[in-house]
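Asks: Pasting a predicted model and its sequence here:
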Amino acid sequence: MTEEVVEMTAEQAKQQDAQREQWVREHFQKANQFLAQKGVIPTKVHNEESRYLAPYLAIWKMEAKLPKKQTFWVMTGDLPSDHVDVKVAATARDALRHFSMMWQLKAENLHNSGLTKDKTQLEFANLLVSRAESLYQLQSDDKLWG
């Protein structure tokens with residue numbers, strides 16, 4: 001009976017790994033599509049510097065040659081997809097901090113502009129604030145970055 005429990009646990013771990021790998025593949029594709037929609041064609045991903053915390057977020061360091069040679073941090077997950085030039089953040093952790101601050105400012109600008117009178121804009125501003133706070137907590141957690 002004990003062996004059955006161990007086997008089930010090993011099988012569950014295998015299944016969990018497979019689900020995580022599928023999530024990573026899906027979000028890698030999502031990052032590529034996101035950049036393509038911006039007119040940027042990615043040519044390389046820097047796996048060693050990219051990070052993911054499935055099913056919450058993935059942050060990819062991606063290089064593009066078109067329209068010009070440039071490297072980006074691209075974020076996907078349970079949040080709005082976004083990207084920034086790698087020049088604004090040296091590491092994935094720094095990029096999360098940058099996105100957090102940037103989204104707080106975007107939300108504040110939406111509120112100050114009066115656009116949040118529209119329900120959709122208000123919901124988007126609130127989503128940005130919520131996700132910005134979560135990003136800040138994640139980048140602050142040393143256990144995730146050891």
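Replies: In hand now; what should we look at?
Asks: which SS class is the closest residue in space to residue 110 that isn't next to it in sequence?
Replies: Nearest residue to residue 110, sequence neighbours excluded (CB to CB, 6 or more residues apart in numbering): residue 125, at 4.2 Å. Every residue, glycine included, has its C-beta placed from N, CA and C. Using DSSP: H, G, I helix; E, B strand; the rest coil, the structure places residue 125 in helix.
Asks: isn't residue 125 right next to residue 116, touching?
Replies: Yes: taking CB atoms under 8 Å as the definition, residue 125 is a contact partner of residue 116 at 5.3 Å.
Asks: Now do the shared contacts for the two.
Replies: residue 110 (CB atoms under 8 Å, 6 or more residues apart in numbering).
Asks: quick one: which of these two has more around it?
Replies: More crowded of residue 125 and residue 116, by other CB atoms under 10 Å: residue 125, with 20 against 17.
Asks: what's the following helix or strand after the helix or strand hosting residue 12?
Replies: For residue 12, the host element (DSSP states H and E) is helix 2-37. Next helix or strand after helix 2-37 toward the C-terminus (DSSP H and E): strand 41-45.
Asks: For that next one, buried residues please.
Replies: The neighbour-count check on strand 41-45 (16 or more other CB atoms under 10 Å) flags 42, 45 as buried.
Asks: Parallel or antiparallel, which strands does that strand pair with?
Replies: Neighbouring strands of strand 41-45 in its sheet, by DSSP bridges, are strand 57-66 (antiparallel).
Asks: where does the protein dip in pLDDT?
Replies: Where the chain drops to pLDDT under 70, the residues are 1-8.
Asks: Could you rerun that using 80?
Replies: 1-8, 66-67, 146 (pLDDT under 80).
Asks: Domain parsing of it, as residue ranges.
Replies: According to automatic domain parsing, the chain comprises the domains 1-87, 89-146.
Asks: next one: the longest one to chain centre, how far?
Replies: Put plainly, it is domain 1-87. Here the centre of domain 1-87 is set off from its chain's centre by 8 Å, with CA atoms, centre = their mean, to the nearest Å.
Asks: swap in the shortest one?
Replies: Per CA atoms, centre = their mean, the displacement of domain 89-146 from the mean C-alpha position of its chain is 12 Å.
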